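Q: My questions are about this predicted structure, shown below with the sequence.
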Amino acid sequence: MVKTGISTASFFDKLMLEDAPALFGRWGVKYAEYYLNSSYEYEPAFIEQLKQRSDDAGVRVVAVHPMSLQFEPLLFTPHPRQRADAQKGYEAVLKAGERLGADHYVMHGPVVLNGVAKNLQLERLAPIFDRLSDMAEDHGMHLTLENVSYSIMPTPEIGRSIHALIKRPLYHTLDIKQAIRAGVDPLAFVDALGEHIIAVHACDCMLSDGIKRYCLPPKGSVDFRAITDALLQKGFSGAVLLEAYSDMFDTNEELRDAFYALDRQINSQEEER
């Protein structure tokens, strides 16, 4: 069975993070990514409460994912004092993830604005990725760089270029909707970087009047089973996590049913694999 779960990013501005574990427990969701919305949610007291509620609900935290714009772009700035400030936020999230027992940290990385790549030379960034990977490993986690259409790795080709320059292990979270937004077939990421992909953000997409519209599974046309099977051939053992936008649903039960539909598509007829 492929592990399936939900990212709490799906509840943005709809449900407080600390209320998610009990809901997941009632739904039978065993794996979760916790999206940390603010520095308040990095604090040790809050994380202790969150861990207790997760343990009580039987929820396994596989990843932590901060709101990246709070500090992540400055992790890659040329200015050493700005980097030092940003690393305090990064370290706080790593400590939170370690306490929660997370496997990995989800990073967007530097942002590309209006196609401008100022200060985004990969040769300069590679040692920074190495350092950040080491910091994550020090807290028992892997650093995963997510493919995001407006950040450093919108295409698998850039991912391969990064891997050619780094010295430390770097992993990836495959975001299906972001691949589609960048005009890339998610399977192209699997083909190029599959052995480094250890998590998936799953969201559906439909074509309506020539426009791509993101939606909850199973309303769209994304073949989650094909993507998962391709990953399994690359040795994938991570979790596929439903990560929707909160305006895609009106009630929590709609998200629950979408999770069930995703799990059925991925894990139905398991014996055929």
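A: Cool, got the structure. Residues are numbered from 1 along each chain as shown.

Q: doesn't Phe71 make contact with Ser38?
A: No. Judged on CB atoms under 8 Å, Ser38 makes no contact with Phe71 at a distance of 11.6 Å. Every residue, glycine included, has its C-beta placed from N, CA and C.

Q: more neighbours, those two?
A: Neighbours per residue (other CB atoms under 10 Å) separate Ser38 from Phe71, with Phe71 holding more: 19 against 12.

Q: ok, now which ones touch the more buried one?
A: By CB atoms under 8 Å, 6 or more residues apart in numbering, the contact set of Phe71 is 85-86, 88-90.

Q: 6 Å instead, please
A: Contacts here follow CB atoms under 6 Å, 6 or more residues apart in numbering; on that basis Phe71 touches 86, 89.

Q: and if you look at the one 10 residues further on?
A: With CB under 6 Å, 6+ apart as the criterion, no residue contacts Arg81.

Q: Which strand or helix spans it?
A: Per DSSP states H and E, Arg81 falls inside helix 80-100.

Q: Also Val190?
A: Going by DSSP H and E, Val190 is part of helix 186-193.

Q: Can you name the residues in contact with that helix?
A: In contact with helix 186-193 (CB under 6 Å, 6+ apart) are residues 156, 159-160, 172, 174, 176, 179, 227, 230-231.

Q: Pull the number of nearby residues for the residue nearest to Met107 when sequence neighbours are not counted.
A: In space, and not counting its chain neighbours, Met107 is closest to Leu145: 5.4 Å by CB to CB, 6 or more residues apart in numbering. Using other CB under 10 Å, the number of residues around Leu145 comes to 25.

Q: in what helix or strand does Leu145 lie?
A: For Leu145, the enclosing helix or strand under DSSP H and E is strand 142-146.

Q: I'd assumed Met206 was in a strand, is it?
A: Yes. Under DSSP: H, G, I helix; E, B strand; the rest coil, Met206 sits within a strand.

Q: ok, and the closest non-adjacent residue to it?
A: Sequence neighbours aside, Gly220 is the residue nearest to Met206 in space, at 4.2 Å (criterion: CB to CB, 6+ apart).

Q: And that neighbour, how far from Met16?
A: Distance, Gly220 to Met16, by CB to CB, to the nearest Å: 29 Å.

Q: circling back to that earlier point, in TSV: the contacts of helix 186-193, plus distance to Leu132 and secondary structure.
A: Shown next, in TSV, are the contacts of helix 186-193 (distance: CB to CB, whole Å; DSSP: H, G, I helix; E, B strand; the rest coil):
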residue	distance to Leu132	secondary structure
Pro156	21	helix
Gly159	16	helix
Arg160	19	helix
His172	14	strand
Leu174	19	strand
Ile176	24	helix
Ala179	23	helix
Ile227	27	helix
Ala230	28	helix
Leu231	24	helix
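
Q: and those, which are buried?
A: Among the contacts of helix 186-193, those classed as buried by neighbour count (16 or more other CB atoms under 10 Å) are 156, 159, 172, 174, 176, 179, 227, 230-231.

Q: Let me know the closest of those to Asp263.
A: Closest approach to Asp263 among the buried ones among the contacts of helix 186-193 (CB to CB): Ile227, at 14.1 Å.

Q: Quick one: neighbours of the closest residue to the closest one other than its chain neighbours, just the number.
A: In space, and not counting its chain neighbours, Ile227 is closest to Pro186: 5.5 Å by CB to CB, 6+ apart. Residues contacting Pro186 under the criterion other CB under 10 Å number 25.

Q: The one 5 residues further on too?
A: By the measure other CB under 10 Å, the count of residues near Asp191 is 12.

Q: got it, and Phe236?
A: Count around Phe236 with other CB under 10 Å applied: 22.

Q: which one is it nearest to, not counting chain neighbours?
A: Using CB to CB, 6+ apart, the nearest residue to Phe236 is Ile197, at 6.5 Å.
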